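Peer 1: Structure for the following, please:
(one chain, ligands or ions: 1)
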Amino acid sequence: MPFQNLRDRCLHTLLTHIPEEMRSGVQIRYEKQASVLLNGLQRLYRHIFADEAAFTHWLEQLMQSLAAAICARPAALRQLDEARSRHPDWFTSQNMLGYCAYADRFAGDLQGVISRIPHLRELGVTYLHLLPFLKARAGENDGGFAVADFDEIAPHLGSMQDLQELTSHLRAAGISLCSDFILNHVADDHAWARAAREGDAHYKNYFYHYPDRRQPDLFEQTLGQVFPQVAPGNFSFVPDLQEWVWTTFYPYQWDLNYTNPAVFADMASALLQLANRGVEVFRLDSTAFLWKRPGTNCMNQPEAHLILQILRSISDIAAPGILLKAEAIVPTAELPAYLGSEFPAKRECHLAYHSSLMAAGWLSMVEQDTALLQEVIRGTPVLPPNTSWLTYVRCHDDIGWNVLRPEASLGKQDVQQRLSAVSRFLAGEGDSYARGASFQASDPDAVHGTVGMASALTGFASAASATDMQMAARRLLLLYGLTFCFGGMPLIYMGDEFAQGNDTAYQQVAAHALDSRWLHRPLWQDTAISTTQVSNQAAQIYNSMLHLLQLRRHFPQLAADQPRQLLHCEESSVLAMLRGSAGAPLLFIANFSDQAVTLNLPELLRSGQSPAPELAQQCWHNEFNQLPADANLNIQPWSQYWLTPV
Ligand code: OTU
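Peer 2: Numbers count the residues shown, from 1 in each chain. The predicted structure follows:
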């Protein structure tokens, strides 16, 4: 069938299933997305069907389910769709701020989260990522990342009604709810997996299953391992099936088979259904793993990108106000593709975690040298319009060092040794101030990830004096300062605003004991803000954090779409970065070392490309001081400056 006919036929199906008053809007959106949507689906799935008629029939069913989602979209969300379509860059402003927490650790349950809204507002949060809150597998469930039902809330957190109530409260407070959408796998007790185990051929095809080890062995020659110590290998033998099932993560998380069009269709409608519940941002978990190809590490495959592009076109048609966020923990060079490209125009996710920047920030702190961080920044290209990075210091996972291998290999040191040294330092070896721990690695020589709360890693836990405490505080704020100034949406990890420490209680919880990431998933403690005593360390951090956040909102130069330029500094412990337009930039200077550094400001500016040299003749100021045009800046250990020309 000629493409035009296919396109018209799908449009016809879509429009006949929605009320008349919606048709023109939907048609406009469809026309914009049709070629990505249909060409993409054709490329992925046409060959699966016996003939073209069967494929077209499948497409029509997909259009019907799209139409059903469009009809079910509540009026308030449709209004949001419209408002955001008028300002598609709404999430790139310097006013955007994320916060990330487990609903139960933060507030007991979903209702409890409503009572925390004042705290979020005080920080200026506009986006709340609640870690998985859907019904998860009974027993061990990877902190909810083993989903048993996409349309049910975990009973201990509340009900769908509670979710809808929460999202409307958040919306009223100007906060978008972000939910994980775990699209790579489901729990082994999800209805699809249960049906498969009972021998249902249709559902067996939702997964990758092999009668013997031949295929798995072949694949494993080139596959990595995510949890090598507690979940070695990528395949699990399932006694009910007497077969090997692909399980990239834990054995109870079965990878979905996206070569099967039914999987794609069901997942797309699960996503739209959640969007209609009021979820505004989807954190697409483990996106890198969606497509398997023999002879590769089965990450970042072109088809994985195609799946994301098609999902984007679907959400742009049915729920254009929502955002897709890629969680792909991959090397710097692989990251930008998840945000699509401008030439040729290819839209994918709106947001992506900048995991290299995060890891590089920590590495610079440990090495007291910013060379690698600068390399990562240089390797971060200008993004397509209306996309943004998610910048962060900590999240619920370990800090994975492997993403930095390409940059780490540019130095003189051996990569393995270099990254291991960082990981050991953060685990507290030698005379380190850090009090984190090592996460699993695939063999004794491999590099371990790092777990622990930011405060433990920056030295709060080991501080023996007021000076130690002060240095720890500066390190924590320095790393956060980088995420605030880099350009993207910064994310505060729950508890960091009070420098909350590690939580070793997980060792006593059977379902958590084997996974040391629980070390940095504490219960929220708000005692810190209830005190006004300035001597209270937590209150001090909180106030400093509020101050930086307030400053950030003040500077449009820090918006995600503003240019970024590194300046050359003789002292490699210093990072100097210009942000914003040529006429009125903001200069971020950060000293990643325990030694004070003196810098000549004009010299630093002359090291940049145009227009930095012209700026050398100018006076600069921060919120406290005005600096003369020939200023020498004295930057205290672990300190930062945010300067703008007078
Ligand atoms: C993601 O993680 C989640 O963030 C983890 O919490 C889950 O355990 C995992 O998926 C499975 O759902 O590789 O890009 O600590 O960094 O597993 C996906 C290891 C991932 C995580 C890693 C990560």
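
Peer 1: And the contacts of stretch 299-314?
Peer 2: Stretch 299-314 has contacts (CB atoms under 8 Å, 6 or more residues apart in numbering) with 33, 36-37, 40-41, 43-44, 66, 224, 258, 264, 268, 271-272, 284, 287-293, 324, 326, 328, 330, 334, 337-338, 340, 346-349. No exception for glycine: its C-beta is placed from N, CA and C like everyone else's.

Peer 1: Give me the subset of those residues lying in helices.
Peer 2: 33, 36-37, 40-41, 43-44, 66, 264, 268, 271-272 (DSSP state H).

Peer 1: Would you mind checking these for buried ones?
Peer 2: Burial by neighbour count, 16 or more other CB atoms under 10 Å: within the ones in helices among the contacts of stretch 299-314 this picks out 33, 36-37, 40-41, 44, 66, 264, 268, 271-272.

Peer 1: and of the residues you listed, the nearest to the ligand?
Peer 2: Using CB to the nearest ligand atom, the shortest approach to the ligand within those belongs to residue 271, at 16.1 Å.

Peer 1: got a list of what that closest one touches?
Peer 2: Neighbours of residue 271 in contact, by CB under 8 Å, 6+ apart: 181, 183, 282, 311, 314-315.

Peer 1: can I get those residues in JSON lines with distance to the ligand?
Peer 2: Formatted as JSON lines, the contacts of residue 271 follow (distance: CB to the nearest ligand atom, whole Å):
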{"residue": "181", "distance to the ligand": "11"}
{"residue": "183", "distance to the ligand": "10"}
{"residue": "282", "distance to the ligand": "14"}
{"residue": "311", "distance to the ligand": "16"}
{"residue": "314", "distance to the ligand": "22"}
{"residue": "315", "distance to the ligand": "20"}
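
Peer 1: picking up where we left off before, pick out the most distant pair among the buried ones among the ones in helices among the contacts of stretch 299-314.
Peer 2: For these, the farthest-apart pair by CB to CB is 44 and 272; their separation is 18.7 Å.

Peer 1: now the strands: where do they sit in the stretch 401-550 of the chain?
Peer 2: Counting by DSSP state E, counting those that start in this stretch, the stretch 401-550 of the chain has strands at residues 437-438, 450-451, 489-493.

Peer 1: Can you check which of those strands gets nearest to the ligand?
Peer 2: strand 450-451 (8.5 Å).

Peer 1: hmm, back to that, format the strands of the stretch 401-550 of the chain as JSON lines; extra columns: distance to residue 210 and mean neighbour count.
Peer 2: Putting the strands of the stretch 401-550 of the chain into JSON lines (distance: least, CB to CB, whole Å; neighbours: other CB atoms under 10 Å) gives the following:
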{"stretch": "strand 437-438", "distance to residue 210": "33", "mean neighbour count": "22"}
{"stretch": "strand 450-451", "distance to residue 210": "33", "mean neighbour count": "26"}
{"stretch": "strand 489-493", "distance to residue 210": "39", "mean neighbour count": "24"}
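
Peer 1: Just give the number of residues close to the closest residue to residue 328 other than its chain neighbours.
Peer 2: Closest residue in space to residue 328, ignoring its immediate chain neighbours: residue 288 at 4.3 Å, by CB to CB, 6 or more residues apart in numbering. For residue 288, the neighbour count with other CB atoms under 10 Å is 21.

Peer 1: was I right about residue 288 contacting residue 330?
Peer 2: Yes: counting by CB atoms under 8 Å, residue 288 touches residue 330, with 5.3 Å between them.

Peer 1: Leaving aside the residues adjacent along the chain, what's closest to the one residue in the stretch 201-350 of the chain that gets nearest to the ligand?
Peer 2: Nearest residue of the stretch 201-350 of the chain to the ligand: residue 286, at 3.7 Å (CB to the nearest ligand atom). Leaving aside its chain neighbours, residue 286 sits nearest to residue 184 (4.0 Å; criterion: CB to CB, 6+ apart).

Peer 1: list the contacts for that neighbour?
Peer 2: 248, 255-256, 285-287, 289-290.

Peer 1: Would you convert the residues you listed into JSON lines that also reports neighbour count?
Peer 2: Output for these, formatted as JSON lines (neighbours: other CB atoms under 10 Å):
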{"residue": "248", "neighbour count": "24"}
{"residue": "255", "neighbour count": "23"}
{"residue": "256", "neighbour count": "25"}
{"residue": "285", "neighbour count": "20"}
{"residue": "286", "neighbour count": "23"}
{"residue": "287", "neighbour count": "28"}
{"residue": "289", "neighbour count": "24"}
{"residue": "290", "neighbour count": "25"}
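
Peer 1: So which of those sit within strands?
Peer 2: residue 255 (DSSP state E).

Peer 1: For residue 238, which non-adjacent residue is closest in space?
Peer 2: Spatial nearest neighbour of residue 238, excluding adjacent residues (CB to CB, 6+ apart): residue 245 at 5.1 Å.

Peer 1: Pretty sure the one you found sits against residue 234.
Peer 2: No: taking CB under 8 Å as the definition, residue 245 is not a contact partner of residue 234, at 10.1 Å.

Peer 1: so where's this structure shaky on pLDDT?
Peer 2: Counting by pLDDT under 70, the ranges of the chain that qualify are 441-445, 527-535.

Peer 1: Show me which residues of it sit near the ligand.
Peer 2: 142-143, 145, 182, 226, 249, 285-286, 288, 327-329, 396-398, 400, 517 (CB under 6 Å from any ligand atom).
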